[in-house]
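Colleague: With the sequence up front, the predicted model follows.
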Amino acid sequence: MSTLEFNSLLVMNRSFLKGFAMGFTRDTQDAEDLIQDTMVKALRYKKNFKEGTNIKGWLYTIMRNIFINNYKRKKFQNTILDTTDNQYYLNSGSMQADTITSEINEKDIHAAIDGLKGDFRIPFTMFLEGFHYDEIAAELNIPMGTVKSRIFHARKKLAGELSAFRN
């Protein structure tokens, strides 16, 4: 399938995706962002689409996965929106009563991450920055299983080192 044909298929299915995007996000602007992210990822992984298969199902799966990953990322970041006129983003961690303790904890966490061996620290840091396993594997030129293993072991080591900060 040529690039022009593939692009035409994407454009034809945009209205199909809009209904699902609105169902996921319940917001027009977020829905447009989700559709755009879906289109970009579809173009990026065009080689994975098999001609003759259901493009609507393929695009829906991409959209659903993007939505789920973004939801998890936002939940992990624990960021809230201040709805005042200036609309500042506030880190809810800075709103804790004991900010001195939280600053110490943050420093200790960064020190623990920096203390990881490079083989573990680099994939773990990339994962924290929002990279997917396949992107980390491609960037570091290592198998995806190795990436998953290194991130798992980095988490395990950090959990042990930071056990004093658990509630």
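Modeller: Noted; the coordinates are in hand. Everything quoted here is computed from the prediction, not taken from an experiment. Numbering: from 1, shown residues only.
Colleague: after the helix or strand where residue 127 lies comes which helix or strand?
Modeller: Element membership of residue 127 [criterion: DSSP states H and E] is helix 118-128. Per DSSP H and E, the first helix or strand lying C-terminal to helix 118-128 is helix 133-140.
Colleague: got the contact list for that following helix?
Modeller: Helix 133-140 has contacts (CB atoms under 8 Å, 6 or more residues apart in numbering) with 122, 123, 126, 127, 131, 143, 144, 146, 147, 148, 151. C-beta: built from backbone N, CA, C; applies to glycine.
Colleague: Which positions in it come out as buried?
Modeller: For helix 133-140, burial by neighbour count (16 or more other CB atoms under 10 Å) applies to 133, 136, 137.
Colleague: Helix 118-128 and that helix, what's the angle between them?
Modeller: Angle of helix 133-140 versus helix 118-128, following axes from the mean of the first three to the mean of the last three CA atoms, to 10 degrees, is 130 degrees.
Colleague: rewinding a little: let me have the contacts of helix 133-140 in CSV, extended by neighbour count, distance to residue 52 and pLDDT.
Modeller: CSV is the format used below for the contacts of helix 133-140 (neighbours: other CB atoms under 10 Å; distance: CB to CB, whole Å; pLDDT from 0 to 100):
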residue, neighbour count, distance to residue 52, pLDDT
122, 17, 40, 89
123, 26, 37, 89
126, 18, 36, 87
127, 19, 35, 87
131, 16, 32, 85
143, 10, 30, 92
144, 14, 28, 90
146, 15, 34, 92
147, 25, 32, 90
148, 15, 32, 92
151, 19, 36, 90
